[in-house]
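K.L.:
What follows is a predicted structure for the sequence shown.
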Amino acid sequence: MRSEIFLLLAGMTAVTYIPRMLPFVLIDFDRLPSGLRRFLGFIPVTALGALILPGIFLQASGRPVSAMLVIGVAGTTGWFFRGLAVPVILSIAAAWVTGIL
Amino acid sequence: MVSAMNRPFFSGLGHGVIAAMPVAAGYIPVAIAFGLLARGVSLHWQETAAMSLLVFAGASQFMALDLFSSGTPALQIVLSTLLVNLRHVLMSASLSGRVQSISRPIRAVLAFGVTDESFSVASSVLRVDEKSPSSPAESLWKTGFLTGLEATAYLAWVAGGVAGFFGGGLLPGALSDAMVLGLYALFTALLMPRLRKDLLLVVPAVTAGGFNSLFRIVLGVATGWSFVLSMILASILAVFLLPDPEQGAEPDTGAGANSGAAPDSRRDGSS
């Protein structure tokens, strides 16, 4: 491995691992103020919102119908079915079909 | 004796591997594209594999290839990577409330595999730890679940990257595009049980997505900042605007499907 790449990877590894590790290891959740606990309790939902939008429309650029179909199919099946396999498989199938057509 | 003690761990491990399947299905086409692109910017296969093995962060790795190919200094690439990864501070902090029963050294290992996807799945399956000490069985189940989830996703990511380097376009283009969109189907499907439990949560979800779209597309804010700001603003708004379910309690204790009580009462099968 080239030494410049080695240094790059070492740096990237550090700045990827440390932000994941420090809060995960150090936080004593019960001792946090209740407001902060509530704030962190909303993070899963707000993260999902920000992960979906606008990413799906950028990823499916030029194919907004596929993007909306994925949200529609995954949203409907995710509402009614437990588990992730059914929504994900049906959405991939729907996006594939619209991509081929 | 030993096997009886480890049973919750292996039960969790199995559930984690199953829960990781949709994640792996989404990772593989992205990883193949990464491997192909890495070869395109003249990285060696060992360097490509090492990046996936060590960094394990899709967005950062693609950005690094892009910057590397345009001759950006390594230090600047590292700083850009840090910015893109800031959102994981929030995700790890949030997820930490669900792993308090796991010892700190083990948490330090499991933290390596906290990605957007593993975080989203884990925080919908694992419940928040009670203030009273959890049973060792529950802690073992959670350790097993996170190990299975993260290891499976990691394997798909690394293997896909190497396969993409050597195999190139292994998947038909239309199928690959559709599988990448599967990750967004995963996020959408993870959101639904939460909304079904409390429809008001649609407000923070849509607010965060709206802010992120506004910042990135309209205002041209860098992706890393846009993401973190959107999550923070939408979560703060939710704290002040949404009703407080029992003083200080969590607004969401899981996606319903798998947020059952003790490990032995968890439903088997899909998650």
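P.N.:
Received it, and whenever you're ready, just let me know what you need. Numbering: from 1, shown residues only, chains lettered A, B, ... in the order given.
K.L.:
What is the burial count for residue B:220?
P.N.:
8 (other CB atoms under 10 Å in any protein chain shown). The way it works is simple: take the backbone N, C-alpha and C, and place the C-beta from them, glycine included.
K.L.:
Could you check how far it is from residue A:56?
P.N.:
If you measure residue B:220 against residue A:56 using CB to CB, to the nearest Å, the figure is 19 Å.
K.L.:
got it, and residue A:79?
P.N.:
18 Å.
K.L.:
These two: which has the busier surroundings?
P.N.:
For residue A:79 versus residue A:56, neighbours defined as other CB under 10 Å are more numerous around residue A:56 (24 against 15).
K.L.:
so who does the more buried one touch?
P.N.:
A:67, A:70-71, B:181, B:184 (CB atoms under 8 Å, 6 or more residues apart in numbering or on different chains).
K.L.:
quick one, longest helix in the chain?
P.N.:
In the absence of a named chain, chain A is used. When chain A is parsed with DSSP state H, its longest helix is helix A:3-26.
K.L.:
oops, chain B please
P.N.:
Chain B, longest helix under DSSP H: helix B:2-40.
K.L.:
what helices or strands is that helix leaning on?
P.N.:
Applying 3 or more CB pairs under 8 Å, 6 or more residues apart in numbering or on different chains; DSSP states H and E, one finds that helix B:2-40 contacts helix A:85-100, helix B:45-54, helix B:58-69, helix B:116-125, helix B:136-167, helix B:173-197.
K.L.:
Redo those helices as JSON lines? Include mean pLDDT, mean neighbour count and distance to residue B:241.
P.N.:
Converted to JSON lines, those look like this (pLDDT from 0 to 100; neighbours: other CB atoms under 10 Å in any protein chain shown; distance: least, CB to CB, whole Å):
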{"stretch": "helix A:85-100", "mean pLDDT": "87", "mean neighbour count": "21", "distance to residue B:241": "29"}
{"stretch": "helix B:45-54", "mean pLDDT": "96", "mean neighbour count": "19", "distance to residue B:241": "41"}
{"stretch": "helix B:58-69", "mean pLDDT": "91", "mean neighbour count": "20", "distance to residue B:241": "30"}
{"stretch": "helix B:116-125", "mean pLDDT": "95", "mean neighbour count": "25", "distance to residue B:241": "21"}
{"stretch": "helix B:136-167", "mean pLDDT": "95", "mean neighbour count": "22", "distance to residue B:241": "32"}
{"stretch": "helix B:173-197", "mean pLDDT": "89", "mean neighbour count": "23", "distance to residue B:241": "16"}
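K.L.:
nearest to residue A:47, of those?
P.N.:
Nearest of the helices and strands packed on helix B:2-40 to residue A:47, taken as CB to CB: helix B:116-125 at 6.8 Å.
K.L.:
And the lowest mean pLDDT element among the helices and strands of chain A?
P.N.:
Using mean pLDDT, DSSP states H and E, helix A:85-100 stands out as the lowest-scoring helix or strand of chain A, at a mean of 87.
K.L.:
Between helix B:173-197 and that one, find me the angle.
P.N.:
Relative orientation of helix A:85-100 and helix B:173-197, computed by axes from the mean of the first three to the mean of the last three CA atoms, to 10 degrees: 140 degrees.
K.L.:
low-confidence ranges in chain A?
P.N.:
Across chain A, the ranges flagged by pLDDT under 70 are A:101.
K.L.:
got the contact list for the residue nearest to residue A:96 when sequence neighbours are not counted?
P.N.:
Nearest non-adjacent residue to residue A:96, counting by CB to CB, 6 or more residues apart in numbering or on different chains: residue B:178, 3.7 Å away. Neighbour list for residue B:178: A:66, A:92-93, A:95-96, A:99 [criterion: CB under 8 Å, 6+ apart].
K.L.:
That's all I had, so thanks and see you.
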